[in-house]
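Student: Return atomic coordinates for the entry below.
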Amino acid sequence: FTTFTAATLLPLSIVFGWPIAQQLMDGAHDMDVHFVETGPRHNIPLLLALVDLWNDAFLTSSGRFVTPFSHAFGSYPSFVATLESQTCGRTS
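Tutor: Sure, this is the predicted structure:
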């Protein structure tokens, strides 16, 4: 799943307001630029993906850690958990 489709941006903007959803999209754009322009040693998305791979392949841990970075996103982790459950065919 992705957070940046109409199916998820609409509920996000209803729950958190459009200015917050716009800030989320702006931050995602900044992270995309960082990913493209930064070398592997300091590339945060690449390092996080490698940590996820390590945890899954070698530590057999399938959990995810999602933490809100502002009060406005306090309910975002449960929103992501619901999306992941629905995507994987589980009920929340």
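
Student: what are the ranges of the strands in this protein?
Tutor: With DSSP state E, there are no strands along the chain.

Student: which residue sits farthest out from the middle of it?
Tutor: Of all residues in the chain, residue 58 has its C-alpha farthest from the mean position, at 22.6 Å, by C-alpha atoms, centre = their mean.

Student: so how far is residue 44 from that residue?
Tutor: 21 Å (C-beta to C-beta, to the nearest Å). (Each C-beta comes from the backbone N, C-alpha and C, glycine too.)

Student: cool, and residue 32?
Tutor: Distance, residue 32 to residue 44, by C-beta to C-beta: 12 Å.

Student: contacting residues around whichever helix in the chain runs longest?
Tutor: Scanning the chain for the helix with the most residues, using DSSP state H, yields helix 18-37. By C-beta atoms under 8 Å, 6 or more residues apart in numbering, the residues outside helix 18-37 that reach it are 3-4, 9, 12-13, 43-46, 72-73.

Student: Next, format those residues as TSV and append pLDDT and neighbour count.
Tutor: Converted to TSV, those look like this (pLDDT from 0 to 100; neighbours: other C-beta atoms under 10 Å):
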residue	pLDDT	neighbour count
3	68	16
4	78	12
9	85	17
12	84	19
13	89	15
43	94	16
44	89	11
45	87	13
46	92	15
72	76	15
73	75	18
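
Student: Low-confidence regions, this structure specifically.
Tutor: Where the chain drops to pLDDT under 70, the residues are 1-3, 62, 68, 88-92.

Student: What residue, apart from its backbone neighbours, is nearest residue 80 spatially?
Tutor: Once flanking residues are discounted, residue 80 sits nearest to residue 66: 5.0 Å by C-beta to C-beta, 6 or more residues apart in numbering.

Student: Next, count neighbours for that neighbour.
Tutor: Using other C-beta atoms under 10 Å, residue 66 has 12 other residues around it.
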